[in-house]
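# The amino acid sequence is not available; the structure is as follows:
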């Protein structure tokens, strides 16, 4: 069960003018499963993407990187079941064949198609099943297809993830609707497992590219479930330009500031949804690291806490086992860290408890207070490193029996 | 149940002339538990130590680092139950008080005592119970106390860990006997949770110091259970000099070569014993990484595989989910890694199966072969990075329900 996260309501997902989505059952790996999603973009849409830094990056990621710079992207095709990663040259050929088939269906060029795959690594992609499923996906294309698409990209996710917003920019109503998927192999490096955010705003390409990088860093690149960086992470930002606003081309403009905030808000919610639905998760943990010399060292400390199996199992047990948090801070890799200066708080439900200072447990700390805070499903760990002004916020989850169960059983 | 590891037999542990050991129940944290161990060294023993790099290093580690350089160490005192880490100034005072009490019992100086603690972090050390227990520990001192001491330093260990060897050096019989403990919070950085190795060899202090660093790197610093570097890791090498051999002072001598090999063999067995008894472990995994440009990058790849919760749960399930291994290699942090060149093998019981090459699954690979190899309790993952001549070997274990159970329950 995801932590304090409900499935989206279909009616709450605004269509984005210029985007149509269609989903079908192609039987990629199992039958009776919505596993093939087609997204069609109207001419003129601008697209930006960030992708995994994993050296075993998947074949579709390699094809995306080749197709994206040319611009004029008109379609995205996403399959689940098989990740088409670690598949060598045959995998690349399969990803290209998928693009060719989509191009044939829509009357566009193969280079205008971005392919995405998610699922088991190292299995060959059954491209013939995807090709056979495309006509049904095309027939299903509709403007209000976001709810279906959120289902269509799920793997071990227990609920679909979608967020939709409307904001006023330059006197026009701008829509942003996005979907994401992922629950395990989650420690994105540049982007998450799969995330797609579309808007009808008119945004200049360089602005869109730079904004996506910044926002990905503050959202999908700030979450972790198990510390495993996937081979297929991709986050795509689409701007169809059909809202009629003046093109957003100046990052100093009020329009840009409002647009950036809307993109950031939606991206953070989509990223957090992945953590809330993290494999086996029972707790949603916010790691707020302050007082660092650099943002990078704050992230190091946050990830040390967020990845520690000992900290994660203590959260699962609602056990305020503070020593494990201190140990993780201690091995985070800040060689000149003065542990006598730092302070650590645990918080939940509006209460914050100082738990450590002066190199040890805070004098004012009482186990009852720690136990009370830890009993909540949503908990914040705040660390003041007391050595600078930099800060970073990460989101993580706990480690439960169900994580082991899910991952010991995944292929069976 | 530890993986292919039996408890030592008391009779198989050779006494080391110049070393006596005594164990008692001091009730440090729980009653009816052997939790206090005293080790007395004859005058003239030389001692070398390596300690955790965790910034929250425990109070006893700080005291050890202060006492060791002066030499003339005459006693080691080890308590379980409470780690005396994250305890600030009061923790340091408690560690020093422990040394004073030992000094009083044995008629030596407090600076000749090395203190060690292991157990729960952030709890105050009940020094009065340790002091009260010391007379009984002293009364129990005996040359053949290694078996008792191996029990006396256990925490979440399921079996005691001890190794003993005799070798001929310079015409003399040299004895090496060591004990270790640890099962969780294991990714030593310089040393393991606690390890003690004593020999009656006569070894010059600089040789002893340098050898310990080298051996620790190849043994305790090459294991991982959960990636959590403890606050209390310590590995101590004692040479009492009572064997009558010519002092080993030249690292180019045949005596040194034989002695180094014996110390290394025993250290690796003691370190591997910790992994075999890793919390919840059902598999013992050897990670043999070859063909790297540097040993450090081989270790990076090994640790990425060894720490990945997805790889570890796949081993638990005996599932040859090779994609997870490739993904871990891909995110290990070698930016210019050419995945089309590397090869990966899985091996067990004398059989080795090529599973990946040319960026994907090996053509010759058959799932049955992978499943057969993975069914064993002891498995080797061999990776050829195909970019140089460096290599590294690490040892790790799988991730089971019991790991979560043990660590969600540890303080209860």
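Cool, the structure landed. For clarity, every value in this text was computed on a predicted model and none was experimentally measured.

# Give me the contact status of the host helix or strand of residue A:382 with chain B.
Residue A:382 is part of strand A:378-384, with elements assigned from DSSP states H and E. No. If you take CB under 8 Å from any CB of the partner chain as the test, strand A:378-384 misses chain B, and the best it gets is 12.4 Å. In short, each C-beta sits where N, CA and C put it, glycine included.

# Parallel or antiparallel, which strands does that strand pair with?
As defined by DSSP bridges, the strand partners of strand A:378-384 come to strand A:284-292 (parallel), strand A:343-348 (antiparallel).

# Whatever residue of the stretch 251-400 of chain A ends up closest to chain B: neighbouring residues, count only.
Closest to chain B within the stretch 251-400 of chain A is residue A:323: 2.4 Å, counting by CB to the nearest CB. For residue A:323, the neighbour count with other CB atoms under 10 Å in any protein chain shown is 27.

# Quick check, it in contact with residue B:91.
No. If you go by CB atoms under 8 Å, residue A:323 and residue B:91 don't touch, sitting 11.7 Å apart.

# Next, show the common contact partners of those two.
Residues touching both residue A:323 and residue B:91 by CB atoms under 8 Å, 6 or more residues apart in numbering or on different chains: residue B:85.

# what residues does the stretch 51-200 of chain A put near chain B?
A:53-57, A:83, A:85-91, A:120-123, A:184-185, A:187, A:189.

# The strand holding residue A:382: how far from the chain's middle?
21 Å (CA atoms, centre = their mean, to the nearest Å).

# What mean pLDDT does it get?
When pLDDT is averaged over strand A:378-384, the result is 97.

# For it, buried residues please.
Buried positions in strand A:378-384, judged by neighbour count with 16 or more other CB atoms under 10 Å in any protein chain shown: A:379-384.

# Can you tell me the SS state at the residue located most distally from the centre of chain A?
Here the centre of chain A is the reference, and by CA atoms, centre = their mean the most remote residue is residue A:363, at 39.5 Å. Under DSSP: H, G, I helix; E, B strand; the rest coil, the three-state class of residue A:363 is coil.

# for it, what are its contacts?
Applying CB under 8 Å, 6+ apart, no residues contact residue A:363.

# Okay, it and residue A:163: tell me how far apart.
Distance of residue A:363 to residue A:163, computed by CB to CB, to the nearest Å: 43 Å.

# if we can go back for a sec, tell me which of the strands paired with strand A:378-384 sits most buried.
strand A:284-292 (a mean of 22; mean count of other CB atoms under 10 Å in any protein chain shown).

# before we move on, the earlier item: only the buried subset of the residues of the stretch 51-200 of chain A next to chain B, as a ChimeraX command please.
Those of these that count as buried under 16+ other CB under 10 Å are selected in ChimeraX with:
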select /A:53,54,55,56,57,83,85,86,87,88,90,91,120,121,122,123,184,185,187,189
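
# can you pull up the bridge partners for residue A:115?
Beta-bridge partners, per DSSP bridges, of residue A:115: residue A:77.

# Pull up the gap between the closest residue to residue A:149 other than its chain neighbours and chain B, please.
Distance criterion CB to CB, 6 or more residues apart in numbering or on different chains; nearest residue to residue A:149, sequence neighbours excluded, is residue A:21 at 4.4 Å. Distance from residue A:21 to chain B, counting by CB to the nearest CB, to the nearest Å: 28 Å.

# List the residues that contact residue A:21.
Residue A:21 is in contact with A:37-40, A:141-143, A:145-146, A:148-149, counting by CB under 8 Å, 6+ apart.

# how does it look with 10 Å?
Going by CB atoms under 10 Å, 6 or more residues apart in numbering or on different chains, residue A:21 touches A:15, A:37-40, A:76, A:78, A:137, A:140-150, A:152, A:177, A:179, A:196, A:198.

# Equivalent analysis for residue A:167, please.
A:173-176, A:199, A:201, A:258-259, A:261-263, A:265-266.

# So among those, which ones count as buried?
For the contacts of residue A:167, buried by 16+ other CB under 10 Å: A:174-176, A:199, A:201, A:258-259, A:262-263, A:265-266.

# ok, back up a step: show me what the helix or strand that comes right after the strand holding residue A:382 is packed against.
Downstream of strand A:378-384, the first helix or strand assigned by DSSP H and E is strand A:390-397. Packing partners of strand A:390-397 (3 or more CB pairs under 10 Å, 6 or more residues apart in numbering or on different chains; DSSP states H and E): helix A:205-218, helix A:254-276, strand A:284-292, helix A:295-307, helix A:309-316, strand A:378-384.

# In CSV, list these along with distance to residue B:287.
Shown next, in CSV, are the helices and strands packed on strand A:390-397 (distance: least, CB to CB, whole Å):
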stretch, distance to residue B:287
helix A:205-218, 32
helix A:254-276, 29
strand A:284-292, 29
helix A:295-307, 19
helix A:309-316, 18
strand A:378-384, 31
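
# Poorly predicted segments of the stretch 301-412 of chain A, please.
Residues of the stretch 301-412 of chain A meeting the criterion pLDDT under 70: A:410-412.

# try the stretch 101-250 of chain A
Looking at the stretch 101-250 of chain A by pLDDT under 70, you get A:188-193.

# Can you show me the strands along it?
For the stretch 101-250 of chain A, strands defined by DSSP state E, counting those that start in this stretch occupy the ranges A:113-117, A:161-169, A:172-181, A:194-199, A:234-239.

# Tell me the helices and strands packed up against the shortest one.
Think strand A:113-117. strand A:36-41, strand A:46-51, helix A:59-67, strand A:75-79, helix A:88-106, strand A:194-199, strand A:234-239.

# how about 8 Å then?
Packing contacts for strand A:113-117, counted by 3 or more CB pairs under 8 Å, 6 or more residues apart in numbering or on different chains; DSSP states H and E, involve helix A:59-67, strand A:75-79, helix A:88-106.

# Please identify the buried residues of the longest one?
By neighbour count on 16+ other CB under 10 Å, the buried set for helix A:88-106 is A:88, A:90-92, A:94-99, A:101-103, A:105-106.

# Tell me which residues of stretch A:195-212 come out buried.
Burial within stretch A:195-212, assessed by neighbour count using 16+ other CB under 10 Å, is assigned to A:195-204, A:207-209, A:211-212.

# Surely residue A:230 and residue A:51 touch.
No. With contact defined as CB under 8 Å, residue A:230 and residue A:51 do not form a contacting pair (10.4 Å).

# When those two are compared, which one has more neighbours?
Counted by other CB under 10 Å, residue A:230 and residue A:51 do not tie: residue A:230 has more neighbours, with 31 against 23.

# How much space separates that one from residue B:301?
17 Å.

# again with residue A:366
45 Å.

# Likewise for residue A:36?
In terms of CB to CB, residue A:36 sits 35 Å off from residue B:301.

# likewise residue A:59?
From residue A:59 to residue B:301 the distance is 22 Å (CB to CB).

# who has more neighbours, those two?
Shown here are residue A:59 and residue B:301; by other CB under 10 Å, residue A:59 has more neighbours (29 against 24).

# Contacts only, for the nearest residue to that one once chain neighbours are set aside.
Leaving aside its chain neighbours, residue A:59 sits nearest to residue A:91 (3.7 Å; criterion: CB to CB, 6+ apart). Going by CB under 8 Å, 6+ apart, residue A:91 touches A:58-59, A:84-85, A:124-125, B:359-360.

# what's the closest of those to residue A:239?
Nearest to residue A:239 among those, counting by CB to CB, is residue A:58 at 25.0 Å.

# Quick check, the closest one in contact with residue A:82.
No. Here residue A:58 lies out of contact with residue A:82, judged by CB under 8 Å, at a distance of 10.0 Å.

# For the two, work out which one has more neighbours and name it.
Between residue A:58 and residue A:82, residue A:58 has the larger neighbour count (other CB under 10 Å), namely 32 against 25.
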